[in-house]
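>>> Predicted structure and sequence below. I'll ask about it afterward.
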Amino acid sequence: MSHPLLQVSGLACERGDRLLFADLSLSVAPGTLLRVEGPNGAGKTTLLRILSGLHDFYDGDVRWCGEPVRRVRDHFLRNLLYLGHRPGIKPRLTPMENLRSLVSGANVGDERLEWALDEVGLLPFAHTLCDRLSAGQQRRVALARLYLSDHALWILDEAFTAIDRDGVAALESLLAARARAGGAIILTTHHPLALADVTTLTLTGAEQELAP
Ligand SMILES: Nc1ncnc2c1ncn2[C@@H]1O[C@H](COP(=O)(O)OP(=O)(O)OP(=O)(O)O)[C@@H](O)[C@H]1O
């Protein structure tokens, strides 16, 4: 029997004595584009961190390919690319050096790193220290990693932050192509998105509803 990549049931999480969500269920198959939305403080980042294995204080069942995620953690993490709401790059390294360290072990050559930087419009800054780049340019360094990733699941927390209009359009195209190719994507953004076939999960504070 084939299982969804990620399957969540009965998920509940409290933070600071507040119930963020309860009895939350979702299923993510290859090709799924799931957008988690809700107001500030509703629990979107917390949910994405739970789904990424970064936040362990929850009740409920989280499964990866049909197995409890805690039991198959190594396999799960090998198949996951998580981009948090901070760019997560090292300011005293260049974009090339950052990318090289982010994909270390994946045997990716410099030409391919340069191609990814070109895709995000950063080739002219490939060898500039990142602390000399703007917020949007630093975010683009982090996003360049997506062009090098064949992870089955991308979890992207506010990936569009600080990105200009052209950059958002390029990222939308990348996400759509990725989903068409069978990649699964879970994302949050406060940005309006021009993406078809998106499933939306709305967090409201203590309840949630899933709408196609
Ligand atoms: N480190 C923490 N310790 C205790 N409570 C926290 C912590 N971080 C967040 N919270 C609580 O969890 C709630 C959910 O936070 P979370 O960051 O998941 O919300 P969010 O929906 O991603 O918000 P935003 O849209 O502002 O990014 C917050 O309202 C806050 O009360």
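All right, it came through fine.
>>> drop to CA atoms for contacts and neighbour counts, all remaining ones
Noted.
>>> Now the phi/psi pair for the nearest residue to Gln137 once chain neighbours are set aside, please.
Leaving aside its chain neighbours, Gln137 sits nearest to Leu122 (7.3 Å; criterion: CA to CA, 6 or more residues apart in numbering). Torsion angles at Leu122 (phi, psi; degrees, to the nearest 10) stand at phi -110, psi 10.
>>> Report the contact partners of Leu122.
Neighbouring residues of Leu122 by CA atoms under 8 Å, 6 or more residues apart in numbering: Gln137, Arg140, Val141.
>>> what are the ranges of the helices in the protein?
44-51, 73-78, 95-102, 110-119, 135-147, 165-180 (DSSP state H).
>>> Out of the ones you listed, which is closest to the ligand?
Closest approach to the ligand among these (CA to the nearest ligand atom): helix 44-51, 3.7 Å.
>>> Count the neighbours of Arg63 for me.
Number of residues near Arg63 (other CA atoms under 10 Å) recorded here: 21.
>>> so where's the protein shaky on pLDDT?
Confidence mapping of the chain against pLDDT under 70 gives the ranges 1, 206-212.
>>> Break it down into its structural domains.
The record's domain parsing of the chain by automatic domain parsing lists 1-79+151-212, 88-150.
>>> could I get these as a markdown table with distance to the ligand?
Output for those, formatted as a markdown table (distance: least, CA to the nearest ligand atom, whole Å):
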| stretch | distance to the ligand |
| --- | --- |
| domain 1-79+151-212 | 3 |
| domain 88-150 | 16 |
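>>> Roughly how far does the residue nearest to Gln137 sit from Arg139?
Between Leu122 and Arg139 the distance is 11 Å, computed by CA to CA, to the nearest Å.
>>> Could you do His191 as well?
Separation of His191 from Arg139 (CA to CA): 15 Å.
>>> More neighbours: which of those two?
When His191 and Arg139 are compared for neighbours, Arg139 comes out ahead with 22 against 11, by other CA under 10 Å.
>>> For Glu67, give its distance to Ile185.
19 Å.
>>> who's in contact with Arg49?
His55.
>>> just Met96 next, same as before
Leu113, Glu114, Leu117, Ala126, His127.
>>> quick one: the strands in the chain?
Along the chain, the stretches classed as strands by DSSP state E are 6-15, 18-28, 33-37, 59-64, 67-68, 80-83, 153-157, 184-188, 199-203, 208-211.
>>> Pairing partners for the shortest one, with directions?
Next to strand 67-68 in the sheet, as set by DSSP bridges, lie strand 59-64 (antiparallel).
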